[in-house]
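My questions concern the predicted model and sequence given below.
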Amino acid sequence: MQGSTDYQMAKRAVVRQVSQGAISVRDVCDAHPELLRAARNIGTPSDRQCPICELADRRARVATDRSSSLRLVTYVFGRDLRRRSGTPVWTREELDDLASDHDSFTAYTVECCLVCGWNHLHESVLMGQAHKP
Ligand SMILES: [Zn+2]
């Protein structure tokens with residue numbers, strides 16, 4: 001998608017460093033209480049597993065839990081949004097409404113694990129009337 005950035009590469013690099021012991025799990029599973037709360041209450045369940053839980057399951061040789069603990073939360077940032085900037089959006093419809101009401105802002109989607117607190121930027125998308133295709 002135009003104006004969108006995927007953070008898969010960066011995320012994979014972090015997970016690799018954790019599996020190699022270069023970064024501690026504590027450093028990547030440090031979700032802020034606000035983010036955890038948002039993930040629990042308004043997060044969209046992800047169809048993927050948390051990479052850190054998966055790593056731990058593999059190390060412990062236990063079967064990976066099929067139900068994903070990973071949630072996606074989208075935050076919007078932009079001057080156009082005024083006080084709405086920096087807050088999470090609850091639904092896709094709300095995001096679409098913001099996009100039709102504002103000229104330009106960025107939607108950052110963060111993935112957050114409810115079990116271990118892993119959190120990482122998932123993608124960012126430029127939205128608003130100025131970026132309509
Ligand atoms: Zn996890």
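That came through, no problem.

And stretch 50-64, what's buried?
Judged by neighbour count (16 or more other Cβ atoms under 10 Å), stretch 50-64 contains these buried residues: 50-55. No exception for glycine: its C-beta is placed from N, CA and C like everyone else's.

With pLDDT, secondary structure and distance to residue 72 added, can I get those in a markdown table?
Converted to a markdown table, those look like this (pLDDT from 0 to 100; DSSP: H, G, I helix; E, B strand; the rest coil; distance: Cβ to Cβ, whole Å):
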| residue | pLDDT | secondary structure | distance to residue 72 |
| --- | --- | --- | --- |
| 50 | 95 | coil | 12 |
| 51 | 94 | helix | 14 |
| 52 | 95 | helix | 16 |
| 53 | 93 | helix | 16 |
| 54 | 91 | helix | 17 |
| 55 | 90 | helix | 20 |
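
so what's the residue nearest the centre of the chain scoring on pLDDT?
With distances taken as Cα atoms, centre = their mean, the chain has residue 110 as the residue nearest its mean C-alpha position (1.4 Å). Each residue has a pLDDT score; the one for residue 110 is 97.

now the host helix or strand of it, how far from the chain's geometric center?
In this structure, residue 110 is located in strand 105-113 according to DSSP states H and E. Averaged C-alpha coordinates place strand 105-113 at 4 Å from its chain's average position (Cα atoms, centre = their mean, to the nearest Å).

again, but for stretch 5-12
11 Å.

Export it to CSV, keeping only CA atoms.
This file holds the C-alpha atoms of stretch 5-12, laid out as CSV (Å, rounded to 0.1, in the frame of the first residue of the first chain):
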residue,chain,number,x,y,z
THR,A,5,5.5,1.1,6.2
ASP,A,6,5.9,-2.5,7.3
TYR,A,7,8.1,-3.3,10.3
GLN,A,8,8.5,-7.1,9.7
MET,A,9,12.2,-6.8,9.0
ALA,A,10,12.9,-4.8,12.2
LYS,A,11,10.8,-7.1,14.2
ARG,A,12,12.4,-10.2,12.9
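
picking up where we left off before, tell me the helices and strands packed up against the strand holding residue 110.
Taking 3 or more Cβ pairs under 8 Å, 6 or more residues apart in numbering; DSSP states H and E as contact, the helices and strands that strand 105-113 lies on are helix 33-42, strand 70-77, strand 119-127.
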